[in-house]
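Asks: Could you work out the structure for the sequence below:
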Amino acid sequence: MVKIKKRKLKDAEIPTGSMADIAFLMLLFFLVSTVIDVDTGIGLTLPEYIPVEEQEFVPISKDRLAAILINENGDVLLNGDVIAIPQIKDNLKERIEEKINLPANKKLVVSVKTDRKTNYNLFIQALDQIKGAYFEVREAYAQAQYGKKTIDLNEEETNDVRDKIPITISIAEPENVKK
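Replies: Numbers count the residues shown, from 1 in each chain. Reported below is the predicted structural model:
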């Protein structure tokens, strides 16, 4: 009798020798084609440069000025009174509202001055509070005047709101203050 040998079939295999090459190529592709969102800084509109000789210095009366000082310890002064950063908005809103119907040269000017060692985050928080005060007053004015939110105003109405409530913030040069 003849014995029939069972043939062993090779299992099906996928060649994986170049799998690492493919993985690295895909990694490289995704690294090159991905756009990474990078914060570029604070969006501030800076005034155009005017040489010092041509600048005209106009004194500002005390009732038009809101002076915010931030020292290196994080203490905040608003017109000489110690205040917490979250209170800035409420205090400024009242002063901005008082001056809505006055001419442009009588509007409130907010001056922010820091020490060179002031925490940058505190400076940004203070600026946010100041801008928030202006935006809330603008929103209230638009609602009272036009019965709409500022985002729903047309161009003419938006310009009127901006003229009535201009955002005037003066950022003073930081300095070292010796105690």
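
Asks: make it CA atoms for all contacts and neighbour counts henceforth
Replies: Noted.

Asks: Output the contacting helices and strands for the lowest-mean-pLDDT helix or strand in the chain.
Replies: None of the helices or strands of the chain scores lower by mean pLDDT, DSSP states H and E than strand 169-171, at a mean of 85. Under the contact definition 3 or more Cα pairs under 8 Å, 6 or more residues apart in numbering; DSSP states H and E, strand 169-171 sits against strand 109-114.

Asks: Show me what the longest helix along the chain is packed against.
Replies: Of all the segments of type helix in the chain, defined by DSSP state H, the longest one is helix 120-146. When contacts are defined as 3+ Cα pairs under 8 Å, 6+ apart, helix 120-146 sits against helix 88-98, helix 155-164.

Asks: Minimum distance to residue 170: which of those has it?
Replies: Among those, helix 88-98 comes nearest to residue 170, with 14.3 Å by Cα to Cα.

Asks: between that closest one and helix 155-164, what angle do the directions make?
Replies: Inter-element angle recorded for helix 88-98 and helix 155-164: 100 degrees (by axes from the mean of the first three to the mean of the last three Cα atoms, to 10 degrees).

Asks: Can you mark which positions in helix 88-98 are buried?
Replies: Neighbour-count burial for helix 88-98 flags 88-89, 92-93, 95-97 (criterion: 16 or more other Cα atoms under 10 Å).

Asks: quick one: that helix to chain centroid distance?
Replies: Mean C-alpha position of helix 88-98 versus that of the full chain (Cα atoms, centre = their mean, to the nearest Å) differs by 20 Å.

Asks: Before I go, just wanted to say thanks for your time.
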